[in-house]
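Novice: Need coordinates for the following:
(chains A, B, C and D)
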2 protein chains.
Amino acid sequence: MSLATDGTDKPTLYKRIRADIEQRILTGEWPPGHRIPFEHELVARYGCSRMTVNKALSELAQADLIERRRRAGSFVRRPQHQSAVLKIADIRAEITALGRSYGYELIGRKLRAATAADRERLGIKKAGKVVAIACRHSADNVPFAVEDRLIDLASVPNAATADFSREPPGSWLLHHVPWTEAEHTISAIVADDRTAEALDIAVGAPCLVIDRYTWRSARTITAVRLLYPGDSHRLVARFKGG
Amino acid sequence: MSLATDGTDKPTLYKRIRADIEQRILTGEWPPGHRIPFEHELVARYGCSRMTVNKALSELAQADLIERRRRAGSFVRRPQHQSAVLKIADIRAEITALGRSYGYELIGRKLRAATAADRERLGIKKAGKVVAIACRHSADNVPFAVEDRLIDLASVPNAATADFSREPPGSWLLHHVPWTEAEHTISAIVADDRTAEALDIAVGAPCLVIDRYTWRSARTITAVRLLYPGDSHRLVARFKGG
DNA sequence: TTGACTTATATGTCTAGACATATAATCGTA
DNA sequence: TACGATTATATGTCTAGACATATAAGTCAA
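Specialist: Below you'll find the model as predicted:
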């Protein structure tokens, strides 16, 4: 999206209009509630057609910077820092991006009929089979995160025979399931014995927890819980400019 | 964005085109890498002008569902669940939305010359004054979160005289600073004595930490740390369809 | 003052063209 | 075969219009 232009290239007109307005909003020249010039006024100012300013304003509206009201005009919105774009990177990508070596280790893997707890966790009602996987990701041979995953075999049958001893299940799924939606829940716990050992931290140390529930057009695919040492890992969410 | 339409209203054509394509992607009919029909083919299929299908495809590209390549065509992208929209609600809104009563309490407030630690935290270099605020938010009279905030008076001079004994500083800032950008960092810690007392939890209990750094066009506004009891609070981030 | 009706207007969507531009594919040459 | 030049083409942007529609504002009657 809106990159930092170095000024050498000539941006297109609608992008210039969008950037102009965005800057006035960000510097406070046009405060929240301020009415932006009407489309026909911008048409006159920039000497272009209405479709061009409309495209600029539509994108600003999509980014929640302005609100458009029929007959009334377009208005600067109040900043809503409750909505931020959170980057939850693929763990391997995250580690290699830091210039560290990625390591993966399968701890356990079971194929079983779904227990009541499994069905609860996957949000499915019918009986069926699941694959349960426990594994560990490490950076420079230091434990980075432990993963505890359930895959619904009704949705992903060939996960039954996949080899997860070398390829992480997340990566495998990414390449074998067409398109998914997901919901992430973030919380904090303290490490119990098992977790402390797996992450090589002290019992009682804080851990960041990411629970991800993934589905595809109303069918559950997988549920995964990732545990990170809480003092060394951080999630960064940047507002706007995604 | 894409709401569940009840079918009674007739969506506009470009929205229908966008929804049609989105559904084929989400159901897996068009898997990642699949080439979407060319614009001129969609023009023929829907019997509309090119600008209309272009608008639909442009929005799908903005949502990262497809990738557009000149001369080559438009292609379904691989799902990138590393990017999710995190809703960090205004605390009062979050609590009242749950049907619970919101409570606010100012714990401490100091106006001082910025210490080295203050300048570090706010990312400023010059000497100057800051306001340091500690306060607590509660739901149904149970501690919900404690807040530890620093405001840069060079950027927000009238914060020096604002009354934070009734209005939370976050809410005050929202109404007195035109527009801001922010970066959030999420981590986990265990409660120390002071935190445990403020949140009415046990020492050593897990806490979710949100550090928010807010600025406006390269000027620091405020830095805030929010501590939530880690076992009772959860952050939810939904991928796509925000 | 209040409520119902009318009107003006800014935005929402759409068209049938146009030229620009990046680049995949082809062709020609060393 | 390898590489450089050419060409074809899908997307990117833009225009000068058009009609639809929601709604703020004005009008008028109870």
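
Novice: List the residues that contact the residue of chain A most remote from its centre.
Specialist: Most distant from the centre of chain A: residue A:44, at 40.7 Å, with distances by C-alpha atoms, centre = their mean. If you count contacts by C-beta atoms under 8 Å, 6 or more residues apart in numbering or on different chains, residue A:44 has none. Where C-beta positions appear, they are placed from N, C-alpha and C, glycine not excepted.

Novice: Next: residue A:143.
Specialist: A:136, A:137, A:198, A:199, A:200, A:201, A:229.

Novice: how about the residues of chain A that lie near DNA strand C?
Specialist: Within reach of DNA strand C by C-beta under 7 Å from any atom of the strand, chain A has these residues: A:36, A:38-40, A:50-51, A:54, A:57-58, A:61, A:68-74.

Novice: Out of those, which sit inside helices?
Specialist: Those of these mapping onto helices are A:39, A:40, A:50, A:51, A:54, A:57, A:58, A:61, per DSSP state H.

Novice: The residue farthest from the centre of chain A and DNA strand D, how far apart?
Specialist: Here residue A:44 is placed at a distance of 11 Å from DNA strand D (C-beta to the nearest atom of the strand, to the nearest Å).

Novice: likewise residue A:27?
Specialist: Here residue A:27 is placed at a distance of 23 Å from DNA strand D (C-beta to the nearest atom of the strand).

Novice: Residue A:84 pairs with what?
Specialist: Listed by DSSP bridges, the beta-bridge partners for residue A:84 are residue B:86.

Novice: Equivalent analysis for residue A:76, please.
Specialist: Note on residue A:76: beta-bridge partners residue A:66, judged by DSSP bridges.

Novice: Please indicate which of the residues of chain A next to DNA strand C are buried?
Specialist: When the residues of chain A next to DNA strand C are checked for burial by 16 or more other C-beta atoms under 10 Å in any protein chain shown, the buried set is A:36, A:39, A:57, A:58, A:74.

Novice: Please convert these to CSV, extending it with distance to residue A:14.
Specialist: Listed next are these as CSV, based on distance: C-beta to C-beta, whole Å:
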residue, distance to residue A:14
A:36, 15
A:39, 12
A:57, 9
A:58, 9
A:74, 15
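
Novice: Of all pairs in those residues, which one is the farthest apart?
Specialist: A:36 and A:58 (12.5 Å; C-beta to C-beta).

Novice: Ramachandran angles for whatever residue of chain A ends up closest to DNA strand D?
Specialist: Nearest residue of chain A to DNA strand D: residue A:13, at 2.9 Å (C-beta to the nearest atom of the strand). Main-chain torsions, residue A:13, degrees, to the nearest 10: phi -60, psi -50.

Novice: My guess is it contacts residue A:46. True?
Specialist: Yes - taking C-beta atoms under 8 Å as the definition, residue A:13 is a contact partner of residue A:46 at 6.7 Å.

Novice: Name the residues contacting each of these two.
Specialist: Common neighbours of residue A:13 and residue A:46 (C-beta under 8 Å, 6+ apart) are residue A:52.

Novice: just the strands in chain A please.
Specialist: A:35-36, A:66-69, A:73-76, A:83-87, A:102-113, A:129-139, A:142-152, A:181-190, A:206-216, A:219-229, A:235-238 (DSSP state E).

Novice: tell me the mean pLDDT over the last one?
Specialist: The average pLDDT for strand A:235-238 rounds to 78.

Novice: Adjacent strands (with direction) for it?
Specialist: Using DSSP bridges, the strands paired with strand A:235-238 are strand A:83-87 (antiparallel), strand B:181-190 (antiparallel).

Novice: CA atoms only: put that strand into PDB for me.
Specialist: Taking Å, rounded to 0.1, in the frame of the first residue of the first chain, the C-alpha atoms of strand A:235-238 are listed here in PDB:
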ATOM      1  CA  LEU A 235       4.000  -9.500  18.800                       C
ATOM      2  CA  VAL A 236       4.000  -6.200  17.000                       C
ATOM      3  CA  ALA A 237       0.900  -4.600  15.600                       C
ATOM      4  CA  ARG A 238       1.100  -1.400  13.700                       C
END
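
Novice: Which positions in that strand come out as buried?
Specialist: Of the residues in strand A:235-238, those buried (16+ other C-beta under 10 Å) are A:235, A:237.

Novice: ok, residues contacting it?
Specialist: Strand A:235-238 is contacted by residues A:84-88, A:186, A:208, A:210, B:86, B:88, B:181-187 when judged by C-beta under 8 Å, 6+ apart.

Novice: Restricted to buried residues, select those in ChimeraX.
Specialist: A single ChimeraX command is used to select the members of the contacts of strand A:235-238 judged buried by 16+ other C-beta under 10 Å:
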select /A:84,85,86,88,186,208,210 /B:86,88,181,182,184,186,187
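
Novice: Give me the neighbour count for residue A:192.
Specialist: Residues contacting residue A:192 under the criterion other C-beta atoms under 10 Å in any protein chain shown number 11.

Novice: Isn't it up against residue A:203?
Specialist: Yes - using C-beta under 8 Å, residue A:192 makes contact with residue A:203 at a distance of 6.9 Å.

Novice: related to what we said a few turns ago, and DNA strand D, which of the contacts of strand A:235-238 contact it?
Specialist: Counting by C-beta under 7 Å from any atom of the strand, nothing from these sits close to DNA strand D.

Novice: where does the closest residue to residue A:200 other than its chain neighbours land on pLDDT?
Specialist: Leaving aside its chain neighbours, residue A:200 sits nearest to residue A:143 (4.9 Å; criterion: C-beta to C-beta, 6 or more residues apart in numbering or on different chains). You'll see residue A:143 listed with a pLDDT of 95.
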